[in-house]
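Asker: turn this into a structure:
(chains A, B, C and D)
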Number of protein chains: 2
Amino acid sequence: MPNIDLSPRELQILSALIDCYIKNAEPVGSRRLATKYKLGVSPATIRNTLQDLEEMGLVYQPHTSAGRIPTEVSYRIYVDNMMQIRPLTKKEKAQIARELTSGNKAIDQILEQSCRVLSEVSMQLGVSMAPRFTEGILTHLDLVPVGENRLLVVAAVKSGLVRSVVMEVDSVVNPKLIQETAVILNERLSGLTLGQIMETIHDRFRDVSYGDPKLIKLFTESAENIFMPQDDKDLHLMGTPNITSQPEFRDPQKLQELISLIEERQKIVSSLNAAAINEGVVVTIGKEANLGMLDGCSMVTSTYKAGKTTGTIGVIGPTRMEYSKLMSIVDYTSKVLSRILSKE
Amino acid sequence: MPNIDLSPRELQILSALIDCYIKNAEPVGSRRLATKYKLGVSPATIRNTLQDLEEMGLVYQPHTSAGRIPTEVSYRIYVDNMMQIRPLTKKEKAQIARELTSGNKAIDQILEQSCRVLSEVSMQLGVSMAPRFTEGILTHLDLVPVGENRLLVVAAVKSGLVRSVVMEVDSVVNPKLIQETAVILNERLSGLTLGQIMETIHDRFRDVSYGDPKLIKLFTESAENIFMPQDDKDLHLMGTPNITSQPEFRDPQKLQELISLIEERQKIVSSLNAAAINEGVVVTIGKEANLGMLDGCSMVTSTYKAGKTTGTIGVIGPTRMEYSKLMSIVDYTSKVLSRILSKE
DNA sequence: AATTGGCACTCAGGCAATCAGAGTGCTAAG
DNA sequence: CTTAGCACTCTGATTGCCTGAGTGCCAATT
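Answerer: Numbers count the residues shown, from 1 in each chain, chains lettered A, B, ... in the order given. Alright, predicted model coming up:
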């Protein structure tokens, strides 16, 4: 991104324009800028500046004789350099904290709650993703026989996250042998991160002389199945009805795309993961988010901590969103969430 | 519902009208009926009959000088008495069977697959619901310590379904005591259905003299939490993009309602449960479905068997749907599903 | 008595014309 | 460099008109 040098006036006008557009979702004209914002110059002057901004690719007109709309480039500049974050009111903070702490304590439900709160206070699409399971340190592994030829593999990681997966075994296995196998699995695997386990598991059980070799083989072969992140369960999406009240979704076409996006959870997971490389609040604007068809959308995300592992929460909405407010919301929510999940 | 006696001609015309409307989603006029269907009478005659049908509340006009549209009442009559089920082609059967048997064997994923297949072949919203957990007979209960002060409660029922729920314990519990407790829980509870357990659990552990009383108390208190059906996990919904291609969802209003419905999973679960009282394929038309705002929608559902327990699958779509085809699809899918889930 | 052709009537949807409003770019003057 | 003024452009709302589809009813026909 070419870091464009803007004169103070250009900056001022661009800022006002973005602000105005975010509020009204309508192309902004020179006259309106002149009257609503104390710029101290006449519409004509503003027009000249607007022309300059247009040449720089910072604004555009949907058609001649319409006002200007900011481009993604200028949203970027706005977020990085111009905007000042709007702190939350006490009331908003209270609402978030309350809704997050009330109710069940299971991590899964807390995450669902966060997602709902985010959507409600932001009127956007709320998203939350469980802590990256692969980063978790295995504390306990167990094999629980369920039914005739099924084993439930239970894996617990330090952050308190638990996953269980049913594994099919062809023949009935002796319970004692299962027990033994579980012991050896624990011995060799606990203390490692799940990611490490996935990478090295095949080597670690070359020399099996204890437990049931068949079972161990089955286990190593299905390790991926067990430890891989599962989009469907790890990702929460809520508040579709909220986001559809945004004017950009008047267009049925856009609405369709949104609906499609919501079912392509994998895509959302990827985008969130991409954003989660950085710590803290991250703003991903338009095409940066790589949400396929549905560009024109941005994400405001943040990581949170659950023990040693980190997860991601955030909101997705039209590029024209109140970044200043949303950043506060997401930031605060992630902090509360970290606190809740680490306290236990 | 007043069982209305219709003359052969009225029947013939109503049938043709419904057929035509299902195909084209447009009000059907007398002329079109006369030319497209071999009714052997002139448009004028048809008009007279249509007027009669209108008086009986079987058809209506969206406005004067428009053709007729069938009412929910007449869909009911159509489905119950007039329609003949359209058998599936070999190709369709093959597709369903293939997509259902390929891939992972875990029940959860099979259900998700069914849901997807249903949506794809029907171009409606596919739904599937896990077997009613409360009907399942408990075969095995286990308490697995995970982390410092957490226990994973694992409950397996005969159908192969497994559920695990994390339970918080305030103090660290001796592993041996946990083991003992698990044993006594198993002794007293296995063989019962989960429903029975929920109802009687408080009585069953009045006289605890074995295991950890504290733990047992905690368990009995959170039993509901453990055994209750969980909408979010037990219900699958897929193919929203498919259903939105139906012409009824051109109307953004309707689309909005659909979106809202999809997030109100509880409502869908209730409707499905209501339909699942009957065995086999059930057609629920319009307001019968009680889907709130979104009337104008019907469901075609069927139960399937997984061992002793039954679950529900089906499709949801606009009332104007091809019942004759959808009933075959849902019927066949549920049979295949039953076979898969019972074979194991 | 049922069926049919004819006819007047209604309504939605498409099309063109018109108009007001918002906004622009340019030019010339301050 | 800024601004007022002006001609120009484009959208969106409104209006009127017309066509096509469809009805309801009546009188003629079988």
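Asker: I'd like to know how far the closest residue to A:S190 other than its chain neighbours sits from A:N81.
Answerer: Spatial nearest neighbour of A:S190, chain neighbours left out: A:L138 (5.0 Å); criterion: CB to CB, 6 or more residues apart in numbering or on different chains. In short, each C-beta sits where N, CA and C put it, glycine included. Using CB to CB, to the nearest Å, A:L138 is found at 44 Å from A:N81.
Asker: and these two? Which one has more around it.
Answerer: A:L138 (20 against 11; other CB atoms under 10 Å in any protein chain shown).
Asker: can I assume the more buried one is in contact with A:R188?
Answerer: No: A:L138 is beyond contact range of A:R188, at 10.3 Å (criterion: CB atoms under 8 Å).
Asker: flag every residue of chain A that's near chain B.
Answerer: A:104-107, A:112, A:139-140, A:142, A:144-147, A:149-150, A:152, A:154, A:156, A:158, A:160, A:162, A:164-166, A:168, A:225, A:232, A:238-241, A:244, A:250, A:252, A:255-256, A:259-260, A:262-263, A:344 (CB under 8 Å from any CB of the partner chain).
Asker: filter those residues to the buried ones?
Answerer: A:106-107, A:112, A:139-140, A:142, A:144-147, A:150, A:152, A:154, A:156, A:158, A:160, A:162, A:164-166, A:238-241, A:244, A:255-256, A:259-260, A:262-263 (16 or more other CB atoms under 10 Å in any protein chain shown).
Asker: next step: the residues you listed restricted to helices.
Answerer: A:107, A:112, A:240-241, A:255-256, A:259-260, A:262-263 (DSSP state H).
Asker: out of everything not next to it in sequence, what's closest to the closest residue to DNA strand C within the stretch 201-344 of chain A?
Answerer: Residue nearest to DNA strand C within the stretch 201-344 of chain A: A:P252 (15.4 Å; CB to the nearest atom of the strand). For A:P252, the nearest residue in space outside its immediate sequence neighbours is B:P252; the separation is 5.3 Å by CB to CB, 6+ apart.
Asker: give me the pLDDT for the one you found.
Answerer: In this model, B:P252 is scored at 86, pLDDT.
Asker: that one and DNA strand D: what is the separation?
Answerer: Distance of B:P252 to DNA strand D, computed by CB to the nearest atom of the strand, to the nearest Å: 15 Å.
Asker: contact partners for the residue nearest to A:I316 when sequence neighbours are not counted?
Answerer: Leaving aside its sequence neighbours, A:I316 sits nearest to A:L125 (CB to CB, 6+ apart; 4.3 Å). Counting by CB atoms under 8 Å, 6 or more residues apart in numbering or on different chains, A:L125 touches A:119, A:237-240, A:242-243, A:315-317.
Asker: could I get stretch A:253-268 in PDB with only the CA atoms?
Answerer: Extracted C-alpha coordinates of stretch A:253-268, given in PDB (Å, rounded to 0.1, in the frame of the first residue of the first chain):
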ATOM      1  CA  GLN A 253     -28.000 -10.400  -4.400                       C
ATOM      2  CA  LYS A 254     -25.900  -9.400  -1.400                       C
ATOM      3  CA  LEU A 255     -28.200 -11.200   0.900                       C
ATOM      4  CA  GLN A 256     -27.800 -14.400  -1.100                       C
ATOM      5  CA  GLU A 257     -24.100 -14.100  -0.900                       C
ATOM      6  CA  LEU A 258     -24.200 -13.700   2.800                       C
ATOM      7  CA  ILE A 259     -26.300 -16.800   3.200                       C
ATOM      8  CA  SER A 260     -23.900 -18.800   1.100                       C
ATOM      9  CA  LEU A 261     -21.000 -17.500   3.100                       C
ATOM     10  CA  ILE A 262     -22.600 -18.600   6.300                       C
ATOM     11  CA  GLU A 263     -22.700 -22.100   5.100                       C
ATOM     12  CA  GLU A 264     -19.100 -22.100   4.000                       C
ATOM     13  CA  ARG A 265     -17.700 -22.200   7.400                       C
ATOM     14  CA  GLN A 266     -14.400 -23.300   6.300                       C
ATOM     15  CA  LYS A 267     -13.900 -20.100   4.500                       C
ATOM     16  CA  ILE A 268     -14.600 -18.100   7.500                       C
END
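Asker: got phi/psi on the residue nearest to A:P252?
Answerer: Note on B:P252: its backbone torsions stand at phi -60, psi -30 [degrees, to the nearest 10].
Asker: my read: it touches A:Q253, true?
Answerer: No: here B:P252 does not reach A:Q253: they are 10.5 Å apart, not a contact under CB under 8 Å.
Asker: please enumerate the strands of the stretch 51-200 of chain A.
Answerer: Counting by DSSP state E, counting those that start in this stretch, the stretch 51-200 of chain A has strands at residues A:59-60, A:69-70, A:125-129, A:138-145, A:150-157, A:162-168.
Asker: name the helices or strands packed onto the fourth one?
Answerer: Okay, so that is strand A:138-145. Judged by 3 or more CB pairs under 8 Å, 6 or more residues apart in numbering or on different chains; DSSP states H and E, the packing partners of strand A:138-145 are strand A:150-157, helix A:175-189, strand B:138-145.
Asker: name the helices or strands packed onto the first one?
Answerer: Pointing back at strand A:150-157 there. strand A:138-145, strand A:162-168, helix A:223-227, strand B:150-157, strand B:162-168.
Asker: same thing but at 6 Å, please
Answerer: strand A:138-145, strand A:162-168 (3 or more CB pairs under 6 Å, 6 or more residues apart in numbering or on different chains; DSSP states H and E).
Asker: show me the shaky parts of chain A.
Answerer: Chain A contains residues with pLDDT under 70 at A:1-4, A:208-210, A:344.
Asker: return the nearest residue of it with respect to DNA strand D.
Answerer: The nearest approach of chain A to DNA strand D comes at A:S65, 2.8 Å away (CB to the nearest atom of the strand).
Asker: quick one, domains of chain A?
Answerer: Using automatic domain parsing, the domain parsing of chain A gives A:8-82, A:90-132+A:233-343, A:134-227.
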